[in-house]
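Novice: coords below, sequence missing:
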């Protein structure tokens, strides 16, 4: 049997206003609804007060659309609600207008969305956070703009959204769909080249929690992931591209850390015969040639390798332990997890972030003394040349990370055997691969061309023509004529470009 509740007439709504207030005011049965004259005498408000309509929108749960109780379609009900509020806008107090702007009151699919997170045009799919205005609300455009909808999101809008989302999440991780949307938002913000929008951004850390970009780091060195205390260092989520991280102000972890010997004064050297042998191989021109073949890239030539490795020597320590510190020169305002920490000491010495099992290392690059220190006691299966190979990759900015096996094999070989070992490993470039560099500015001249060179001082070279010049080391390399000054005169000058640099071609030669 249906329950009947008695109410005051001033606290009820008529059936025609059901769509405006059905969650906050009882609705009279159609049979009991009075006519207009009687309605006024009884004190029934129709249409209802705008404040009651706003209270109704605020009262709807987040899953209201999934449990829709009215016979009328969702879109039809909200169209009439928006039309009513738009017509009554001048009568709504500024406080109630602000409340309306903060409510998730616009239906998009099966979710209710804040007006500030809907736009009439979107360049990307930012769901489940931001949406394009549904077509059914085209006639309500004026009202939607009053409550916060915009034509298209600016970089500042997106940055503000991230801050609001961070407050809403309260330290909880994003789900996979949310993480994908936040990644797209960050890419859009950083591509907008707005310094104001890109400042103080929130980014997802490796667990999906939004944190300040200034407190997050990008780790490209997997060796450090094990060594840092993850409770003190936030690593950015790997789904965020490096370019986006850089634009958002996320610093490379390797650049933010300083590695120091643990109790340096107690470091005991093994004085192993390996020290001289590995140092000789490290500084050998044959090793530089092997690394050039391994890297197979013009920016890591044997000359570049030699210039980096020439000053380094190898030493072996009986026991090798180091500690990691966040350097103080980042000039960040970092939040401290532990109360009572001496801020002055942290500023001068840096904050130690070494994990409990992160002090034992295979090698240490000691820039102060230009030495690579290798531990004498290595894990099973790891040999000294493996540890030195990792150190060489470190010295070359991680450009050989995927080729450590070949680097270690070269270091395990006698210098004159290194290139033969590379060839047996399939690393040394064959003739077809070498031919790809033929004519590339900065690449060394191939034998097939070296025997066909002729000197023609009076030759009128053309822009774009491939020539051969000598570099600073007096080696023959390919170049491309960038420009030709003057006309057909004896003192004509030709400028050749090598690896993008304009250089004087003192003895320009050409292919016969």
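Specialist: That came in fine, so what should we check first? As the structure is a computational prediction, the values presented were derived from the model and not from experiment.

Novice: Residue 306 against residue 286, yeah?
Specialist: No: Residue 306 is beyond contact range of residue 286, at 10.7 Å (criterion: C-beta atoms under 8 Å). The C-beta positions use only the backbone N, C-alpha and C, and glycine is treated the same way.

Novice: which stretches of the stretch 151-300 of the chain aren't confidently modelled?
Specialist: The stretch 151-300 of the chain contains residues with pLDDT under 70 at 193-198, 265.

Novice: How about residue 102, nearest residue that isn't a chain neighbour?
Specialist: residue 114 (7.1 Å; C-beta to C-beta, 6 or more residues apart in numbering).

Novice: Repeat that for residue 208.
Specialist: Nearest non-adjacent residue to residue 208, counting by C-beta to C-beta, 6+ apart: residue 173, 3.5 Å away.

Novice: cool, residue 318 as well?
Specialist: Leaving aside its chain neighbours, residue 318 sits nearest to residue 268 (4.5 Å; criterion: C-beta to C-beta, 6+ apart).

Novice: Verify the assumption that residue 324 is located in a strand.
Specialist: Yes: using DSSP: H, G, I helix; E, B strand; the rest coil, the secondary structure at residue 324 is a strand.

Novice: can I assume it is in contact with residue 259?
Specialist: Yes: counting by C-beta under 8 Å, residue 324 does reach residue 259; the two are 5.7 Å apart.

Novice: between these two, who's got more neighbours?
Specialist: With neighbours defined as other C-beta atoms under 10 Å, residue 324 and residue 259 compare such that residue 324 has more, 23 against 17.

Novice: quick one: contacts for that one?
Specialist: Shown in contact with residue 324 (C-beta atoms under 8 Å, 6 or more residues apart in numbering): 224, 227-228, 257-259, 352-354, 358.

Novice: And for residue 51?
Specialist: Applying C-beta under 8 Å, 6+ apart to residue 51 gives the contacts 92-93, 96.

Novice: pLDDT score for it?
Specialist: With respect to pLDDT, residue 51 scores 94.

Novice: Which of the helices or strands spans it?
Specialist: Using DSSP states H and E, residue 51 sits in helix 50-59.

Novice: quick one: buried residues of that helix?
Specialist: Across helix 50-59, burial judged by 16 or more other C-beta atoms under 10 Å covers 50, 52-57.

Novice: For these, give me TSV that also has distance to residue 247.
Specialist: Below are the buried residues of helix 50-59 laid out as TSV (distance: C-beta to C-beta, whole Å):
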residue	distance to residue 247
50	44
52	47
53	44
54	40
55	43
56	43
57	38
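
Novice: burial count for the nearest residue to residue 84 once chain neighbours are set aside?
Specialist: Computed as C-beta to C-beta, 6+ apart, the closest residue to residue 84 that is not its neighbour in sequence is residue 20, at 6.1 Å. The number of residues packed near residue 20 is 23, by other C-beta under 10 Å.

Novice: Now residue 20: which helix or strand?
Specialist: Take DSSP H and E as the rule and residue 20 turns out to sit in helix 18-21.

Novice: Which element is encountered next along the chain beyond the helix holding residue 51?
Specialist: Using DSSP H and E, the helix or strand that directly follows helix 50-59 along the chain is helix 74-87.

Novice: how many degrees apart are that next one and helix 50-59 in direction?
Specialist: Angle of helix 74-87 versus helix 50-59, following axes from the mean of the first three to the mean of the last three C-alpha atoms, to 10 degrees, is 140 degrees.

Novice: I'd like the mean pLDDT over helix 74-87, please.
Specialist: For helix 74-87, mean pLDDT rounds to 96.

Novice: roughly how far out does the very next helix or strand once past it sit from the chain middle?
Specialist: Downstream of helix 74-87, the next assigned helix or strand under DSSP H and E is helix 94-102. From the chain centre to the centre of helix 94-102 is a distance of 36 Å (C-alpha atoms, centre = their mean, to the nearest Å).

Novice: Which strands and helices lie in contact with helix 94-102?
Specialist: Applying 3 or more C-beta pairs under 8 Å, 6 or more residues apart in numbering; DSSP states H and E, one finds that helix 94-102 makes contact with helix 50-59.

Novice: Looking at the contacts of residue 51, spot the one nearest residue 146.
Specialist: Set against residue 146, the nearest of the contacts of residue 51 by C-beta to C-beta is residue 92 (9.8 Å).

Novice: Can you tell me the number of residues neighbouring the closest one?
Specialist: So residue 92, with other C-beta under 10 Å, has 19 neighbours.

Novice: quick one, phi psi at it?
Specialist: Main-chain dihedrals, residue 92, degrees, to the nearest 10: phi -90, psi 130.

Novice: and it, what is it in contact with?
Specialist: Contacts of residue 92 (C-beta under 8 Å, 6+ apart): 50-51, 54, 85, 100.

Novice: which parts of the top strand by length along the chain are buried?
Specialist: Longest strand in the chain by number of residues (criterion: DSSP state E): strand 476-485. Within strand 476-485, the residues that count as buried by 16+ other C-beta under 10 Å are 476-482.

Novice: Check stretch 443-461 too.
Specialist: 443-446, 449, 461.

Novice: Closest to residue 414 out of those?
Specialist: Nearest to residue 414 among the buried residues of stretch 443-461: residue 444, at 24.3 Å, using C-beta to C-beta.

Novice: beta partners for that closest one?
Specialist: residue 477 (DSSP bridges).

Novice: from what I can see it touches residue 479, true?
Specialist: No: taking C-beta under 8 Å as the definition, residue 444 is not a contact partner of residue 479, at 11.7 Å.
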